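> A structural model of the following input is requested.
(2 chains)
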Amino acid sequence: EAGVAQSPRYKIIEKRQSVAFWCNPISGHATLYWYQQILGQGPKLLIQFQNNGVVDDSQLPKDRFSAERLKGVDSTLKIQPAKLEDSAVYLCASSKDAYEQYFGPGTRLTVT
Amino acid sequence: GQNIDQPTEMTATEGAIVQINCTYQTSGFNGLFWYQQHAGEAPTFLSYNVLDGLEEKGRFSSFLSRSKGYSYLLLKELQMKDSASYLCAVKATDSWGKLQFGAGTQVVVTP
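Next up, the predicted model:
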């Protein structure tokens, strides 16, 4: 079974630029999560999808972050414009039954 | 909201036992997870406790006391490859399985 795929793995941008991350969950997993993990901290949930609907985006900075999950499969997370404090690893995870979450390798974003 | 506390770092010798404690204060509780995260890699699932007691899985065991808001992860017969961050995460009572993670405990295994 293929795991959660994410791209790119690394991204360096200047502040005020835009960036987008892509995630392809495990086939058949209805729930998809985007987490932000700042160095030395645990992952923080940004947004959670159930199929193509949002069930939790309470910690998503909506003035600059947006996410979508078209057709209930792939998802993209966008930051526009980026700030220095957005430097982090962005993890995508998927789950079949809201029990065990399977994480992708993450995208390491550096904002300079 | 939820507050999850775990030690920042622990050091132990290869072959020894290490116990990582996690305490939580939560407005709703529907289970506790432990994940392992090697540097630069994604977290991987280790264990899940929803009822009080000990769950054993090979060299790893996890314990939960809901009344005390306390869990621990026990790593036995430590190996060098066990050097990693161990994340405690509490599952909310909503039906979607939202997890709140602690900051992680960095375990360093020395020869």
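> name the SS class of B:V107, please.
Three-state call for B:V107 (DSSP: H, G, I helix; E, B strand; the rest coil): strand.
> burial check on the closest residue to it other than its chain neighbours, number of neighbours?
The shortest distance from B:V107 to any non-neighbouring residue, by CB to CB, 6 or more residues apart in numbering or on different chains, is to B:M10 (5.3 Å). Yep, even glycine has a C-beta here, placed from its N, CA and C like the rest. Using other CB atoms under 10 Å in any protein chain shown, B:M10 has 17 neighbouring residues.
> what residues does the one helix or strand B:M10 maps to touch?
B:M10 belongs to strand B:9-13 when assigned by DSSP states H and E. By CB atoms under 8 Å, 6 or more residues apart in numbering or on different chains, the list of residues contacting strand B:9-13 from outside reads B:V18, B:I20, B:L78, B:T105, B:Q106, B:V107, B:V108, B:V109, B:T110, B:P111.
> now the buried members of these.
B:V18, B:I20, B:L78, B:T105, B:Q106, B:V107, B:V109 (16 or more other CB atoms under 10 Å in any protein chain shown).
> right, and the fifth one touches B:S85 too?
Translated: B:Q106. Yes. When contacts are counted by CB atoms under 8 Å, B:Q106 is listed as touching B:S85 (5.1 Å).
> residue 53: neighbour count?
Went with chain A since none was named. 9.
> other chain: chain B
Close neighbours of B:G53, defined as other CB under 10 Å, add up to 9.
> okay if I get the buried ones among the contacts of strand B:9-13 as JSON lines plus distance to B:N30?
Below are the buried ones among the contacts of strand B:9-13 laid out as JSON lines (distance: CB to CB, whole Å):
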{"residue": "B:V18", "distance to B:N30": "27"}
{"residue": "B:I20", "distance to B:N30": "21"}
{"residue": "B:L78", "distance to B:N30": "31"}
{"residue": "B:T105", "distance to B:N30": "22"}
{"residue": "B:Q106", "distance to B:N30": "27"}
{"residue": "B:V107", "distance to B:N30": "27"}
{"residue": "B:V109", "distance to B:N30": "32"}
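> show me where pLDDT drops low in chain B?
Flagging of chain B using pLDDT under 70 yields the residue ranges B:1-2, B:94-95.
> who in it is up against chain A?
B:4, B:33, B:41-45, B:48, B:87, B:89, B:94-104 (CB under 8 Å from any CB of the partner chain).
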